[in-house]
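**Student:** Can you look at this prediction? I've put the sequence above it.
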Amino acid sequence: MSEPQGSEGTTQRLPVIEKDDTLGWPADPDTDGPPPVQDGGDGGGGGRFWSVRRVPAGIVALLLLIAAGAFLYDIAAVRAGRPGLYWRRELARQLAARPLDDTWVLVGAGVTAVLGLWLLVLAATPGLRHLLPMRRAHPDVRAGLHRDAAALVLRDRAMEIAGVRAARVRLRRRRADVRVVSHFRTPEDVRADLDTVLTEAVRGLGLTRPHALTVRVTRLGRKG
């Protein structure tokens, strides 16, 4: 039986095709560690989120609408030859008769000044203290972390440390107060582990302004 021609003991290797699991898609970014920072910056540049203040704005708009409607109705009544509204005539008479140092005049001026100052404070402050701004990974996207959620993350990290029986975390404006109760380990060892773990946890939250840590460890007293 003759062999086919062209196969005089020579073999030719076939090309190897490697399997690509990504199917042309870019690899997923590494999700471990703190969020990425925007190139060319420190990831900051954003203060607190501004509140829309729907309730104060709605109250002011409603009061202005009522006052404007009453004055327009009074003006239309006077133009039609009817007498003005009683409350407007009485208010004008009281303002003309009462002196400036009258008690009711001073009370009304004080209330008006307080309301005006309240509106100025609302207009000049951002509000939303419960929402902590996070570092920007993209120039067009802003992210925020709820204050209670951040405190819960720090508390869970503190509870993972050996020797911690109970932990309580309270996030203030610039500081994170951590109160820990230890039992079978010395407070010094627990405090050292807390400083290391919680410092890393605060950095991992990805906040624009990381909170300073204040850690207090107390030893559980013996019963009896």
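**Tutor:** Cool, the structure landed. Numbering: from 1, shown residues only.
**Student:** how far away is residue 143 from residue 58?
**Tutor:** In this view, residue 143 and residue 58 are 28 Å apart by Cβ to Cβ, to the nearest Å. Quick note: C-beta positions are derived from backbone N, CA and C, even for glycine.
**Student:** Which one's more surrounded, those two?
**Tutor:** residue 143 (17 against 10; other Cβ atoms under 10 Å).
**Student:** For the more buried one, report the pLDDT, please.
**Tutor:** Here the pLDDT value assigned to residue 143 is 82.
**Student:** how close does it get to residue 208?
**Tutor:** Using Cβ to Cβ, residue 143 is found at 10 Å from residue 208.
**Student:** One more: residue 48?
**Tutor:** 9 Å.
**Student:** Same question for residue 150.
**Tutor:** To residue 208, residue 150 is 12 Å away according to Cβ to Cβ.
**Student:** Check residue 145 too.
**Tutor:** Relative to residue 208, residue 145 is positioned 10 Å away (Cβ to Cβ).
**Student:** what does residue 167 give?
**Tutor:** Counting by Cβ to Cβ, the gap from residue 167 to residue 208 is 25 Å.
**Student:** Mind checking which of the two has more residues around it?
**Tutor:** Residue environment comparison for residue 167 versus residue 208 gives the larger neighbour count to residue 167, 22 against 19, counting by other Cβ under 10 Å.
**Student:** Give me the phi and psi angles of that one.
**Tutor:** Main-chain dihedrals, residue 167, degrees, to the nearest 10: phi -140, psi 140.
**Student:** Could you pull up the residues touching it?
**Tutor:** Counting by Cβ atoms under 8 Å, 6 or more residues apart in numbering, residue 167 touches 155, 158-159, 178-181.
**Student:** Look up which residues are beta-bridged to it.
**Tutor:** Beta bridges link residue 167 to residue 180, judged by DSSP bridges.
**Student:** how much space between it and residue 114?
**Tutor:** According to Cβ to Cβ, residue 167 stands 42 Å off from residue 114.
**Student:** Please apply the same query to residue 215.
**Tutor:** The spacing between residue 215 and residue 114, counted by Cβ to Cβ, is 41 Å.
**Student:** of these two, who's got more company?
**Tutor:** Between residue 215 and residue 114, counted using other Cβ under 10 Å, residue 215 has the larger neighbour count: 19 against 10.
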